[in-house]
Every structure is written in structure tokens, then in C-alpha cells.
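Novice: I need the structure of the sequence given here:
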Amino acid sequence: MVHAQFDPTARRALAIAAVDAKIRKDLSWQRIADASGLSVAFTTAAVLGQHALPEESARAVADLLGLDEDAVRLLQTIPTRGSLDGAVPTDPTVYRFYEMLQVYGTTLKELVHEQFGDGIISAINFTLDVKKVADPEGGERAVITLDGKYLPTKPF
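Specialist: Sure thing, here's the model as predicted:
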């Protein structure tokens, strides 16, 4: 049976335990994703409490991290999504994404609506990729691809 969470507290506690196990076992998110059979972005988000894992993936992740049967079941529940509290994020990396949306959010909205019409970009039918590339001016650049299905507004 499919179950959904009402309160994110249990998933948050599981995420803390999972990250602790990841660190203790010196695992990468890619290694955990390989065990799950899913993408690194989806698996990471799931372990951090933002997605439900299929049973086989939940079991593989829990086994790799040394988590119990309760964790296997909890990893399969549909979470209460949203990993950020209402306040402005204080972690510098997360804050920069917040800043990017503060600066470019209305631009993105305008361009999406101009090109697609009235609707939204799905965060459910969605893929995410992060790549490190060389910067022609020296150093490195982060290339982040957000690829979501466009869902038009349907009058009713």
C-alpha cells in the first residue's frame, strides 16, 4: 500500500541518520545512487526526504547505509516536500540559488510564459543534472540543468 507523510519530522530524522551513515562509510551520492538504480539527483533528493523510493531502491539504499526496516518503509513514503524553511537560507550554497531566483525568477517566469503560454514547469516530471566544466578564464564552472515538463493551465 502507498502511504504519504503528514509531518516531515520522521523523514528529516532519517535524512540526518542517512547522511551520518554516508559520512561514516565514506560513500559518495553517486555510489548510493548506483545501489538504488536511479539517478544521483533523484536518489540524493529521496534520501534527503524529498521523494519516495521504489521498494527495491529503498532496500538497496538502506542496506548500503546500514539502516533498519523502519528506514526501508519510510524511504518509500510520499514525503511532505520542501526542504527549506520559510526564512532566507543561511547556507552559502543554498543562499546563492535563492539569490539566483531573486534576481532571475521573474525573468524566467516571463520567458517561460512568452514561449509556452500560461502554465508551469513541473518539479515532478523533472530531471536535474550538475556538471563541473572548465572555465575558459581559469578555474571551474558549474553547469546546472533543470529539465521539467511544461504543464499548461487548463481553464475549467
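
Novice: biggest strand in this structure, by residue count?
Specialist: Of all the segments of type strand in the chain, defined by DSSP state E, the longest one is strand 119-134.

Novice: I'd like to know which elements it is packed against.
Specialist: Counting contacts by 3 or more CB pairs under 8 Å, 6 or more residues apart in numbering; DSSP states H and E, strand 119-134 packs against helix 40-47, helix 92-116, strand 140-152. Every residue, glycine included, has its C-beta placed from N, CA and C.

Novice: Tell me the helices and strands packed up against the shortest one.
Specialist: The reference is to helix 40-47. Judged by 3+ CB pairs under 8 Å, 6+ apart, helix 40-47 is in contact with helix 9-24, helix 29-36, helix 55-65, strand 119-134.

Novice: buried set for the longest strand of the chain?
Specialist: The neighbour-count check on strand 119-134 (16 or more other CB atoms under 10 Å) flags 121, 128 as buried.

Novice: Figure out how far that strand is from the centre of its chain.
Specialist: Between the centre of strand 119-134 and the centre of its chain there are 10 Å (CA atoms, centre = their mean, to the nearest Å).

Novice: what do you get for stretch 35-43?
Specialist: Using CA atoms, centre = their mean, the mean C-alpha position of stretch 35-43 is found 11 Å from that of the whole chain.
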